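sequence first, predicted coordinates after that:
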Amino acid sequence: MRLRHLIVMPVCLLCLATSMFAQEPGWKAGTATAVITPKKPLWMAGYGSRTRPAGGALHDLWLKALVLEDAAGHQSVVLSSDTLGVPRTIYDNTCAALKAKFGLERAQIMFNCSHTHCGPVLRGALLDVYPVNDEQRAAIDEYSQALEATIVDTVSAAFDELSPAVVSAGQGESHFAVNRRNNPSADVPERIRTNSLKGPIDHAVPVLAVRSVDGSLKAVVFGYACHNTTLSVYQWCGDYAGFAQMAIEESHPGAVAMFYMGCGADQNPLPRRNVYQCRRYGQMLASAVEEVLLKPMQTLEPTLQTEFEFVELNLGDPLTRERLEEVATEKASYRHRWAARLLKQMDDGRPFVRSYRYPLQAWKLGKQQLWLSMGGEVVVDYVLGFKKQFGPQTWVAGYANDVMAYIPSLRVLEEGGYEGNTSMVVYGMPAERWATDIEDLIDAGMNRLVDKLSLPAKK
């Protein structure tokens, strides 16, 4: 008789739980991954000093997809990739393909790039940085086309894996990021020892955990605001973010770890340049994520809102023929190639664009988790500013959806330097800086998006 009750009670409880789940549907989630390590020699993106294509790999490069569906059936896709940055052409083609196949709008697609400097050059990016010949350019185009197909296939595989899930949010810290504008590399070890590092930073590690209904970890998405520039080798590698994802996946068999780059355009992992340092920073970041996973996290209600807007950002002073001719006489380099290309465009009678279509995105998961994304290489001032406006738990992904240039705050723009001025040439932009209204336009655009989300009133 006792044995019979022991058998019947769990069945009844299971029926009750199933009934409750049917009455109150929750999240669904699906994941998929794909190796995107180039099979042919390709130029590596990131450092203008490189003189040849890559050879071999420290570890594979990955593309990963997480599909989320809320109780009302609204869906979104989070993509992470071991790339320097996805250019406009690949982003536009990806969005068009995902809309055609799954009905997804841009607001529902967040395409993150780790900004590793040990990943491949992609079509339509860094046009002048390397002396690429026709054969190498064809190889870049071939790889980029294959990448687009892989993105769609990976998202499709993630949709096929949709199943009930529990989604939660938390936040930790890791402290290896250093403001590179205010701390010369040679001075960093001593400044660390004396606790005298300078400049604004954001050491937060946002964590989104997706668990199956049995409690097992299905996926974890985490961010950090720091350049993936520990290494400058000629081997494919995801830099510290790649090692962090590997460490988490080793600790959680079957789980998919995904990294997004925060507003770290003016932040570096220092000291750097050695593989052991890269592994160390990866382990430090992975440990910060693990600490969050070990603590109680905020369970997010199964509601999802996604908003998107293009903001037209104005370029700075127009380039003159005299200025381009001056740069074109410099020693052969990316600056020389940039000026020569733009002079030819001028001679052909093709006007330079005077603005750029810039992507902004705002998601709300559950009742209050705000997740913003911005295109380009975004400096830390933006995440610090948005946290003041929308709350300290706000997440901000930079390098998302389209990486076209550095995105300086007004402070950085006025200070000048690489992030505020000369980096525009690296990205081939037909200007040497943004106009001074850049921060105002971005702030206004993001506030318009957040206003569309039903956030709880601030106390």
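Thanks, I have the structure now. Numbers count the residues shown, from 1 in each chain.

wait, isn't residue 31 in contact with residue 158?
Yes. Under the criterion of Cβ atoms under 8 Å, residue 31 makes contact with residue 158 at 5.5 Å. Placement of C-beta: from N, CA and C, glycine included.

find residues that contact each of those two.
Both residue 31 and residue 158 are contacted by 65-67, under the criterion Cβ atoms under 8 Å, 6 or more residues apart in numbering.

out of those, which is nearest to residue 167?
Comparing these against residue 167 with Cβ to Cβ places residue 66 closest, at 10.1 Å.

ok, that closest one - how many residues close by?
Neighbours of residue 66 under the rule other Cβ atoms under 10 Å: 25.

got the contact list for the nearest residue to it once chain neighbours are set aside?
Closest residue to residue 66 apart from its sequence neighbours, by Cβ to Cβ, 6 or more residues apart in numbering: residue 78 at 4.4 Å. Residue 78 sits next to 65-66, 68, 110, 112, 221, 258, 260 when contact means Cβ under 8 Å, 6+ apart.

list the helices and strands the lengthiest helix in the chain packs on?
In the chain, taking DSSP state H as the definition, the longest helix is helix 134-160. Using 3 or more Cβ pairs under 8 Å, 6 or more residues apart in numbering; DSSP states H and E, the elements in contact with helix 134-160 are strand 27-35, strand 62-69, strand 75-81, helix 88-102.

possible to save the ones you listed as CSV with mean pLDDT?
CSV is the format used below for the helices and strands packed on helix 134-160 (pLDDT from 0 to 100):
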stretch, mean pLDDT
strand 27-35, 98
strand 62-69, 98
strand 75-81, 98
helix 88-102, 98
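
nearest to residue 182, out of these?
Closest among those, once you apply Cβ to Cβ, is strand 75-81, at 29.3 Å.

chain center to that closest one: distance?
10 Å (Cα atoms, centre = their mean, to the nearest Å).

coming back round to it: so how far is residue 388 from the residue nearest to residue 66?
Going from residue 78 to residue 388 by Cβ to Cβ, to the nearest Å gives 25 Å.

returning to what we had before: against residue 64, how distant is the residue nearest to residue 66?
Residue 78 is 8 Å from residue 64, by Cβ to Cβ.

one more: residue 263?
21 Å.

out of these two, which sits in the busier spot?
Between residue 263 and residue 64, residue 263 has the larger neighbour count (other Cβ under 10 Å), namely 28 against 24.

just the strands in the stretch 101-250 of the chain please.
For the stretch 101-250 of the chain, the strands defined by DSSP state E, counting those that start in this stretch occupy 109-113, 119-120, 163-173, 177-179, 204-212, 217-224.

and the last one with strand 204-212, angle?
In other words, strand 217-224. 170 degrees (axes from the mean of the first three to the mean of the last three Cα atoms, to 10 degrees).

tilt between strand 217-224 and strand 75-81?
60 degrees.

counting contacts, what elements does strand 217-224 pack onto?
Judged by 3+ Cβ pairs under 8 Å, 6+ apart, strand 217-224 is in contact with strand 27-35, strand 204-212, helix 239-251, strand 256-261, helix 275-294.

want to throw the shared contacts of residue 31 and residue 158 into JSON lines with distance to residue 358?
Conversion of these to JSON lines gives the following (distance: Cβ to Cβ, whole Å):
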{"residue": "65", "distance to residue 358": "24"}
{"residue": "66", "distance to residue 358": "25"}
{"residue": "67", "distance to residue 358": "26"}
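
related to what we said a few turns ago, TSV please, covering the helices and strands packed on strand 217-224 and showing distance to residue 229 and mean neighbour count.
What follows is these, written out as TSV (distance: least, Cβ to Cβ, whole Å; neighbours: other Cβ atoms under 10 Å):
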stretch	distance to residue 229	mean neighbour count
strand 27-35	23	20
strand 204-212	18	23
helix 239-251	7	23
strand 256-261	11	27
helix 275-294	10	19
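
which one, of the ones you listed, ends up nearest to residue 181?
Short answer: strand 256-261, nearest of these by Cβ to Cβ, at 17.6 Å.

where does the stretch 1-150 of the chain dip in pLDDT?
1-25 (pLDDT under 70).

let me have the helices and strands packed on strand 217-224 in JSON lines, extended by distance to residue 440.
Below are these laid out as JSON lines (distance: least, Cβ to Cβ, whole Å):
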{"stretch": "strand 27-35", "distance to residue 440": "37"}
{"stretch": "strand 204-212", "distance to residue 440": "25"}
{"stretch": "helix 239-251", "distance to residue 440": "31"}
{"stretch": "strand 256-261", "distance to residue 440": "24"}
{"stretch": "helix 275-294", "distance to residue 440": "33"}
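
just so I know, which of these lies nearest residue 123?
Closest to residue 123 of those is strand 27-35 (Cβ to Cβ; 18.3 Å).

the closest one to strand 75-81, inter-axis angle?
On the basis of the same axes, to 10 degrees, strand 27-35 is oriented at 30 degrees to strand 75-81.

now what about strand 27-35, what contacts it?
60-71, 150, 153-167, 210, 218-219, 256, 300, 302.

pairing partners for that strand, with directions?
strand 62-69 (antiparallel), strand 163-173 (antiparallel) (DSSP bridges).

dump the first one to CSV, keeping only the CA atoms.
Extracted as CSV, the C-alpha positions of strand 62-69 are listed here (Å, rounded to 0.1, in the frame of the first residue of the first chain):
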residue,chain,number,x,y,z
TRP,A,62,32.7,30.5,-33.4
LEU,A,63,29.3,31.9,-34.4
LYS,A,64,26.5,31.2,-31.8
ALA,A,65,22.8,31.8,-31.8
LEU,A,66,20.2,32.1,-29.0
VAL,A,67,16.6,32.3,-29.9
LEU,A,68,14.2,33.6,-27.2
GLU,A,69,10.4,33.4,-27.3
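
how far does that strand sit from the chain's center?
Relative to the centre of its chain, strand 62-69 is centred 13 Å away, using Cα atoms, centre = their mean.

list the buried ones in the longest helix of the chain?
The neighbour-count check on helix 134-160 (16 or more other Cβ atoms under 10 Å) flags 136, 139-140, 143-144, 147-148, 151-152, 154-159 as buried.

circling back to that earlier point, and residue 412, which of the helices and strands packed on strand 217-224 is closest to it?
Closest approach to residue 412 among the helices and strands packed on strand 217-224 (Cβ to Cβ): strand 256-261, 17.3 Å.

against which helices or strands is whichever helix or strand comes after the closest one packed?
Where DSSP states H and E defines the elements, the next helix or strand beyond strand 256-261 is strand 267-269. For strand 267-269, the elements it packs on are strand 177-179, helix 275-294, judged by 3+ Cβ pairs under 8 Å, 6+ apart.

can you list contacts of the longest one?
Right, helix 275-294. Contacts of helix 275-294 (Cβ under 8 Å, 6+ apart): 58, 170-176, 205, 207, 209, 217, 220, 222, 224, 230-231, 233, 237, 239-248, 251, 257, 269, 271-272.

can you give me the angle that helix makes with helix 239-251?
50 degrees.
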